[in-house]
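**Student:** The following comprises the amino acid sequence and a computationally predicted model.
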Amino acid sequence: MDRGRMTAIGVLVVAAGLTASVTLPSFAGEEPRRAAPAADGVAPEVLDALGRDLSLTRDQAVRRLRTERWAAATVTRLRTELGAGYGGSWLGADGATLNVAVTDAAGAARVEAAGAVPKRVARGVAELDAVKTRLDAAGADASPDIAGWYVDVAGNSVTVVARPGAEAAGRRFASAAGTGDATVRVRTADEAPRPLFDVRGGDAFFINDAGRCSVGFSVVGGFVTAGHCGRPGDRTTGSNRVAQGTFSASSFPGDDWAVVKVNGDWTPQGVVNDFNGGTVPVNGSTEAPVGASICRSGSTTGTRCGVVQAKNATVNYPEGTVTGLTRTDVCAEPGDSGGAWLSGDQAQGVTSGGSGDCTRGGVTFFQPVNEILQRNNLTLVTAGDQPAPADPPAGGGQTAPPASTPPAPPATDTGCTGQVNRTGRIVAGRAQVQPDGRFFRVAGGAQEACVAAPAGVRVALELQRFTGGAFRTVARAGSADGVARLTADTPAGAYRYRVVGLAGSGGYTLAFSAR
């Protein structure tokens with residue numbers, strides 16, 4: 001073993017944030033992950049999700065998807081051939097039987113010849129669609145007790161969904177729309193649909209339908225951002241221009257922080273937009289030291305990185321003096337204000353202001369996030385949290401326990417060992433960068449790694465190299481029997497590991513070495 005090569009790993013893992021030369025981004029420019037194909041070209045993540053949600057084995061999932069592709073092509077052809085006699089189509093509960101509704105015997109014969117099962121009905125789908133169109137036109141008159149309506153091809157009817165006790169209101173609505181009783185049926189269900197949007201660090205939001213700023217970090221009930229973005233009572237809309245929330249607290253100058261309380265259509269998530277098609281998990285708010293690498297996410301210039309230059313800086317803005325800021329050599333531009341600052345997966349602060357731009361470079365300051373949390377009795381939402389309730393619980397100004405808190409190692413001895421070891425917690429659909437959200441350097445040669453997870457948790461392990469301005473995957477391994485093992489012969493450079501959750505949730509142990 002070449003001790004010189006591993007010394008580089010040991011130094012940078014422990015002290016990656018202690019020298020100004022460590023400026024590689026922890027998530028800037030990361031290429032979208034391309035899943036390795038499985039049987040029939042289906043991504044393994046899709047098969048895992050089908051297994052989780054439909055209780056299918058991988059073989060069953062592949063067969064079902066193959067049947068669905070055949071069914072889609074068959075229905076497209078039959079719909080043209082049957083014309084007005086086509087009454088709709090649906091797969092049976094087993095996912096293997098294609099049922100096609102027809103209004104006459106000739107149509108039934110065509111369906112049988114195509115390998116599907118004919119179902120004789122009284123109305124073609126065009127007639128059902130016309131009834132639904134009349135309901136759509138009368139939609140403004142629907143009471144809040146009516147959740148919606150849809151064409152039910154299996155029942156050869158149009159269904160109006162009403163809350164329990166509001167069946168009469170559903171029938172009155174259908175009657176007022178001019179639909180026949182035989183065509184429309186009312187079904188009761190305790191449904192109250194509403195649009196759902198995620199609050200993510202770095203995303204744009206608008207203040208009073210005018211100025212634009214960026215989301216800092218999600219907290220229980222809302223998010224934090226810069227104080228100069230708005231005053232208490234100012235209303236916000238999201239980047240999609242949908243009503244989002246209201247500024248509940250703000251301080252500027254002196255400080256530069258604000259809190260926005262969101263409405264029930266928005267769900268605070270413990271992630272930050274990486275502006276490269278993905279998100280980065282937020283797993284706590286441990287403060288990084290001076291000299292640490294740090295990255296900023298904002299809606300104008302996306303993700304930019306640099307180092308922390310100083311803390312407790314005072315800035316004399318034209319509007320007044322702001323104290324207690326952190327100074328960095330990261331660039332920013334108007335609209336980035338309020339956006340998220342991360343060191344690895346740890347929240348650091350929200351963008352305040354600066355000098356320069358992202359063409360020439362500059363200096364940018366941020367308001368430390370822990371002060372905002374403590375001053376306003378807020379709880380940071382992290383990647384491992386469940387969706388937050390509408391109102392924050394009483395007491396405590398601490399952050400939620402970070403998802404990166406070391407869990408217990410797998411119960412069995414997996415033989416997953418190496419010179420560098422890290423533990424974490426992963427959920428399906430999320431990814432974590434190791435070691436500690438940063439990277440390490442090697443002089444070239446063989447690299448070996450393994451990740452072990454408990455029963456019911458499936459993960460993939462990726463080795464990524466920084467090249468062409470981005471971290472790109474150079475080797476990948478999926479887990480089998482709870483362990484994923486990876487070996488690669490690599491050139492000199494900067495590397496990191498990426499643990500990707502495929503199914504289940506739980507703790508994992510990562511170990512890696514280089515020769």
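**Tutor:** Nice, I can see it. Residues are numbered from 1 along each chain as shown.
**Student:** I'd like the next helix or strand past the biggest strand by length in the chain.
**Tutor:** Ranked by residue count and defined by DSSP state E, the top strand of the chain is strand 302-317. As assigned by DSSP states H and E, the chain's next helix or strand after strand 302-317 is strand 320-328.
**Student:** Show me what that next one is packed against.
**Tutor:** The contact analysis (3 or more C-beta pairs under 8 Å, 6 or more residues apart in numbering; DSSP states H and E) places strand 320-328 against strand 302-317, strand 346-357, strand 361-368. Where you see a C-beta, it was placed from the backbone N, CA and C, and this is true even at glycine.
**Student:** Could you pull out the buried residues of that strand?
**Tutor:** Val322, Gly324, Leu325, Thr326, Arg327, Thr328 (16 or more other C-beta atoms under 10 Å).
**Student:** Reformat the residues you listed as CSV; add pLDDT and distance to Ser355.
**Tutor:** Shown next, in CSV, are the buried residues of strand 320-328 (pLDDT from 0 to 100; distance: C-beta to C-beta, whole Å):
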residue, pLDDT, distance to Ser355
Val322, 88, 14
Gly324, 88, 18
Leu325, 91, 13
Thr326, 91, 15
Arg327, 90, 11
Thr328, 91, 12
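**Student:** Mind picking the one among those that's closest to Ala109?
**Tutor:** Checking these against Ala109 by C-beta to C-beta gives Thr328 as the nearest, at 73.3 Å.
**Student:** pretty sure the closest one is touching Ile294, no?
**Tutor:** Yes. Taking contacts as C-beta atoms under 8 Å, Thr328 lies within contact range of Ile294: 6.1 Å.
**Student:** any residues in contact with both of the two?
**Tutor:** Shared contacts of Thr328 and Ile294 (C-beta atoms under 8 Å, 6 or more residues apart in numbering): Gly306, Val307, Val308, Trp341.
**Student:** Quick check, pLDDT for the second one.
**Tutor:** Here, the pLDDT recorded for Val307 equals 87.
**Student:** Any idea how many residues pack against it?
**Tutor:** Per other C-beta atoms under 10 Å, the neighbour tally for Val307 reads 20.
**Student:** Pick out the residue nearest the middle of this protein.
**Tutor:** Thr279 (6.1 Å; C-alpha atoms, centre = their mean).
**Student:** can you tell me how far that one sits from Cys213?
**Tutor:** According to C-beta to C-beta, to the nearest Å, Thr279 stands 19 Å off from Cys213.
**Student:** Look up which residues are beta-bridged to Val102.
**Tutor:** Note on Val102: beta-bridge partners by DSSP bridges are Tyr86, Arg120.
**Student:** ditto for Arg425
**Tutor:** Here Arg425, judged by DSSP bridges, has bridge partners Gly507.
**Student:** roughly how far apart are it and Leu342?
**Tutor:** 18 Å.
**Student:** and if you look at Gly507?
**Tutor:** For Gly507, the distance to Leu342 - C-beta to C-beta - is 22 Å.
**Student:** who has more neighbours, those two?
**Tutor:** Leu342 (32 against 19).
**Student:** mind listing what that one touches?
**Tutor:** Ser26, Phe27, Gly201, Val272, Val280, Val282, Ile294, Cys295, Arg296, Ser297, Gln348, Gly437.
**Student:** what about the longest helix in this structure?
**Tutor:** helix 58-82 (DSSP state H).
**Student:** Next, the buried residues of that one.
**Tutor:** Gln60, Ala61, Val62, Arg63, Arg64, Leu65, Thr67, Ala71, Thr74, Val75, Leu78, Leu82.
**Student:** Contacts only, for the nearest residue to Asn273 once chain neighbours are set aside.
**Tutor:** Closest residue in space to Asn273, ignoring its immediate chain neighbours: Gly202 at 4.0 Å, by C-beta to C-beta, 6 or more residues apart in numbering. Gly202 sits next to 214-215, 272-275, 297-299, 302-303, 339-340 when contact means C-beta under 8 Å, 6+ apart.
**Student:** in the sheet, who's paired with Cys305?
**Tutor:** Cys295.
**Student:** er, Gly361 actually
**Tutor:** Going by DSSP bridges, Gly361 forms beta bridges with Asp357.
**Student:** Let me know the pLDDT of it.
**Tutor:** 88.
**Student:** Tell me the spacing between the residue nearest to the centre of the chain and Phe439.
**Tutor:** Distance from Thr279 to Phe439, by C-beta to C-beta: 19 Å.
**Student:** For the stretch 101-250 of the chain, which segments count as strands?
**Tutor:** 117-120, 146-152, 157-162, 184-188, 197-201, 204-207, 211-214, 217-219, 222-225, 235-238, 243-251 (DSSP state E, counting those that start in this stretch).
**Student:** and those, which one's lowest on average pLDDT?
**Tutor:** Note on these: lowest mean pLDDT is at strand 146-152, with a mean of 84.
**Student:** Pull up the pairing partners for it, direction included.
**Tutor:** As assigned by DSSP bridges, strand 146-152 forms pairs with strand 157-162 (antiparallel).
**Student:** Might you quantify the distance of the strand it pairs with from its chain's geometric centre?
**Tutor:** In terms of C-alpha atoms, centre = their mean, to the nearest Å, the gap separating the centre of strand 157-162 from the centre of its chain is 33 Å.
**Student:** do the same with stretch 323-332
**Tutor:** 28 Å.
**Student:** For that stretch, measure first residue to last.
**Tutor:** End-to-end distance for stretch 323-332, by C-alpha to C-alpha, to the nearest Å: 19 Å.
**Student:** What pLDDT does the model give Pro402?
**Tutor:** Value for Pro402, per-residue pLDDT: 30.
**Student:** hang on, isn't Ala138 packed against Thr179?
**Tutor:** No. Taking contacts as C-beta under 8 Å, Ala138 lies outside contact range of Thr179: 9.2 Å.
**Student:** And those two? Which one has more around it.
**Tutor:** Higher neighbour count among Ala138 and Thr179: Thr179, with 20 against 14, using other C-beta under 10 Å.
**Student:** what's the spacing between the residue lying closest to the more buried one once chain neighbours are set aside and Val161?
**Tutor:** Computed as C-beta to C-beta, 6+ apart, the closest residue to Thr179 that is not its neighbour in sequence is Val131, at 5.0 Å. Using C-beta to C-beta, Val131 is found at 15 Å from Val161.
**Student:** between those two, who's got more neighbours?
**Tutor:** Legend: neighbour count by other C-beta under 10 Å for Val131 and Val161, higher for Val131 (21 against 18).
**Student:** Look up phi and psi at the closest residue to Ser250 other than its chain neighbours.
**Tutor:** Excluding the flanking residues, the one nearest Ser250 by C-beta to C-beta, 6+ apart is Ala258, at 4.0 Å. Dihedral pair for Ala258: phi -150, psi 160, per degrees, to the nearest 10.
**Student:** likewise the one 4 residues further on?
**Tutor:** Note on Val262: backbone dihedrals following degrees, to the nearest 10 are phi -90, psi 160.
**Student:** Which residues are in contact with it?
**Tutor:** Val199, Gly221, Gly222, Phe223, Gln244, Gly245, Pro268.
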